[in-house]
Each structure stands twice: as structure tokens, then as C-alpha cells.
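Colleague: I'd like to go over a predicted model; first the sequence, then the structure.
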Amino acid sequence: MLTAARLGAAALSAALLAGVAAGPALADVPAPTIPDGLYGKSDPTYDGVWRQSLALTALTAAKVTPADSAVAWLTGQQCEDGGWPSYRAAGAACDAKFEDSNATAVAIQALVALGGHQEAVDKGVQWLKASQNTDGSWPYNPGNPGDANSTGLAVNALFAARTDPASVAKPSGGKNAFDGLAHFQLGCAAPADQRGAFAYQPDAATGALAPNSLASAQAALAAAGGHLPVTTTVRADTKPKALACSDGSAPTTVPHAEAGEAAGDYLTGQLAAGGEHLTLTTPGAEPKPDFTATAWAALALTQSGHPDQTYGVVDWLEQQGSTWTKNGTDAGATATLLLVTQATQRDTTDLTHQLTALGPAPKATASASPEASHSAEKKGGGFGQYWVIIVGLLIGIGGGLLLSLQRKRNPNL
């Protein structure tokens, strides 16, 4: 997902494209060119691979077979070393410093969901392994300090690719992926209402961890052992378990076995306090609802077996859906909301249609295609409707004959 720096760049780009903070010359800036096969009509510079991967994952889960051009666009974005950038213009060479773990992680999950792309998946996993830091975490771009969001997404991709995160570590004493995730989770040393949360990154000066809504929600899915799409049917009868802390004896790092429940407990409390949604707080700006974090929290809670804690959350997301998805025109938001409704077993019909309309015509959908129906008729599958008519006529004729015979026998009828 977008890091703080990337969000800032995206916001600046959006402002420039809208002409908000620039001079009259920007009126002549041409609209972005949307590549063939890509979902959505907005500038793909910062989220092309992200939104394409989410769209393909969600539509595949909805039994929609995407167009070849949509899949080819995603696979064509992969670099020779296995990583994906956020977006690469047609014909542009790969630049290793622009490849990112977030795009790579969601692309791997999309290709696993689609099936038939094992070589690309394997190369992507190898790129993730090579990009891991020695503390077990992942940065957005290789060579930088890790963060909880990127680490969580990388762990999601490993789970999707059937690679044990506990086995993924730098050679010669590096920490594994679960250790890297634990690096960002607040444990027993934190105040009780913050335990189980994830920080985006430790404070650069003090190393302290401060809860972050989006980091907590995205990392929680990984801590719960999940990936996209979330399809679990496991249900727990109780709320998520709070982190077990006892004075002087509890470890400062959250054990992996308790990480998912502890994160779920924190998220449940935050959702309840926020009116069934999480809040985005940005320095210098008014707090506002965080749709993305709320959606990932619902996915994490469902994955950990606590769908009862998502009912009000998903209701809120559905009520706010048109605002978040810009009336179904934002491919990334629409795909994320569709993934949530699928995971929580809500009606997905409208969202599936909206997302399908944002990209190339699919090869097939869950309902039978006209070609399939015509084929069935040729094989005798269409004979059923005629058989019903014939049987009805026979019953009517038989009934008429019976009544005529009765009248002949008894003229008073």
C-alpha cells in the first residue's frame, strides 16, 4: 500500500492534475493515457499495478474470467529480476530502484488467484526474499528501513505462494518474516488500549512505537495468517483475545502465536470507538474516516475467525461505498470493497458489475455465456422448455377427453 512519501507524491500529483496549486499553464496538461487492459481511468503512475492486482484478484474470486489483455498488462509490468514497479510505461526499461514490495506482493497474490502463472510467482517470491532486510522486515523500496505495511503485504504474498514466512530470512543470522512483523507490533510495555497495534515504523530518534490505523489493519491480515482473497470459513465464538500480559514476566515482543488475536483485539476496540470505522489522522489536517484501513481491518478480523465483529463495519463500508469508490469509478477502492463483501459473504452483484465495467470485457462470467447456452441447445439442453409445453398440452387434451366421456355417461353434468 502507499507509504507516507508515496501518498504525498500521489496527493501532489492529483493536485497538479486538478490545477489546484499551479498556474494557468497546467490547463494545457493532457489527460493521462490509460494502457489497454488496465482497470480504471485515472493516472496509473502511482497505483497501476496495485489496482490491477486487486481488480484481478476480486474478479477471479467472483468467478469472472478477466480478458487476456488485463492479465497480460500485469504480467508485462514484471521486471526480469522478478519485482514489479508501481507502474512502468509501455516500452520503458525497468529501473531496480523503482521496483516496490507493495506492488510485487499484490501482483503475486493476483497471479496465484488466477492460476497458471507459476514462473512469474516464483520470480516474484525470489525478489521478495532478496529484498528482505536482516531484521526480517520489508521496505517499500529495497535498501530502505522496513515498515509494517510493506512487511505485512510481503507476508500475505508468501502465504499465497505457499511459502512458510518462518523459513524466509537473510542468510547468516537474519531474522525471519514473522520476526520482522513482530518488530512493529506494540506489546505488553505499551498502554493496555494500544497493545496489539502496529506502528508504521519505529520513531527514528527514540525507537518508540506509535499505533497506526492502516499499518495495524494491513499487518493484522498477515499476523492472522491470511492473504487475498480472504476465503476462510473459520468462526470463533468469542471476541479476539487481548494480549496476555503479567507484571514483569511478559515478553516485550508479541509472540507470533498471539499476534493475530492481539491485533484483532486492538482493531475491534478502535472500530467500536470510531463508530464502526477507523480514522485517518494526518498532521495539519482534520481527522477523517479511513476507508482503506477499515476495509483491511474487516478482512483481518474475518481471516482470524471473528466475522461477528465485522457486521457493523461492513454495513458502514457499504453505506459509504459510493463516496469511497467515487460511484464505482475508482478501480482500487471498488476492488477492495468487493474483496470485503466476498470475505464477509455479502451480496457482491453490483460491485462485481461496477468493477467489470472499469476494464476490458471479460472472457467469461459466472453466468453462462450466449455461446454456452447455444451449445447446450444444440446438445439437447434447450429441449427442456419444449418438453414442458408438450406435457402441458397433453394434460389439457387428456383432461378434455375425460370430461367429454363423463358427460356422455351422465348427461346431467
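Modeller: All right, it came through fine. Not measured: the values here are computed from a predicted model.

Colleague: Based on its surroundings, how many neighbours for the closest residue to residue 281 other than its chain neighbours?
Modeller: Leaving aside its sequence neighbours, residue 281 sits nearest to residue 287 (Cβ to Cβ, 6 or more residues apart in numbering; 4.9 Å). From N, CA and C alone the C-beta is placed, and that goes for glycine too. Per other Cβ atoms under 10 Å, the neighbour tally for residue 287 reads 10.

Colleague: Quick one: residues contacting residue 287.
Modeller: Applying Cβ atoms under 8 Å, 6 or more residues apart in numbering to residue 287 gives the contacts 279, 280, 281.

Colleague: tell me the phi and psi of it?
Modeller: Residue 287 adopts backbone torsions of phi -60, psi 150, taken as degrees, to the nearest 10.

Colleague: For stretch 337-350, could you pull out the residues that count as buried?
Modeller: Within stretch 337-350, the residues that qualify as buried by neighbour count (16 or more other Cβ atoms under 10 Å) are 337, 338, 339, 340, 341, 342, 343, 344, 346, 348.

Colleague: I figured the second one hits residue 350, correct?
Modeller: Spelled out, it's residue 338. No: judged on Cβ atoms under 8 Å, residue 338 makes no contact with residue 350 at a distance of 9.5 Å.

Colleague: Low-confidence stretches in the protein?
Modeller: 1-31, 247-251, 367-413 (pLDDT under 70).

Colleague: Domain boundaries for it, per the record?
Modeller: The chain breaks down by automatic domain parsing into domains covering 1-31, 35-115+323-358, 132-319, 384-413.

Colleague: Quick one, which of the contacts of residue 287 are buried?
Modeller: residue 280.

Colleague: So which of the domains of the chain is nearest residue 365?
Modeller: Nearest to residue 365, of all the domains of the chain, is domain 35-115+323-358, at 5.2 Å by Cβ to Cβ.

Colleague: Can you get me the start-to-end distance on the closest one?
Modeller: The first and last residues of domain 35-115+323-358 sit 13 Å apart, counting by Cα to Cα, to the nearest Å.

Colleague: now the strands for the chain?
Modeller: 279-280, 288-289 (DSSP state E).

Colleague: name the helices or strands packed onto the last one?
Modeller: For strand 288-289, the packing partners by 3 or more Cβ pairs under 8 Å, 6 or more residues apart in numbering; DSSP states H and E come out as strand 279-280.

Colleague: Sheet partners, orientation included, of the strand it packs on?
Modeller: strand 288-289 (antiparallel) (DSSP bridges).

Colleague: Pull the residues that contact stretch 123-135.
Modeller: Here stretch 123-135 has contacts from 78, 81-84, 99, 101, 104-105, 107-108, 111, 138-139, 142, 145-146, 154, 157-158, 161, 163, 168-170, 173-175, 177, 179-180, 183, using Cβ under 8 Å, 6+ apart.

Colleague: Filter these down to the buried ones, PyMOL style.
Modeller: One line in PyMOL is enough to select the buried ones among the contacts of stretch 123-135; burial here means 16+ other Cβ under 10 Å:
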select buried, resi 78+82+83+84+99+101+104+105+107+108+111+138+139+142+146+154+157+158+161+163+168+169+175+177+179+180+183
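
Colleague: Which among the strands of the chain is found nearest to residue 236?
Modeller: Using Cβ to Cβ, the strands of the chain put strand 279-280 closest to residue 236, at 26.2 Å.

Colleague: Distance from the closest one to the middle of the chain?
Modeller: Mean-position distance between strand 279-280 and its chain equals 19 Å (Cα atoms, centre = their mean, to the nearest Å).

Colleague: that older thread, tabulate the strands of the chain (JSON lines), appending distance to residue 235.
Modeller: Listed next are these as JSON lines, based on distance: least, Cβ to Cβ, whole Å:
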{"stretch": "strand 279-280", "distance to residue 235": "28"}
{"stretch": "strand 288-289", "distance to residue 235": "28"}
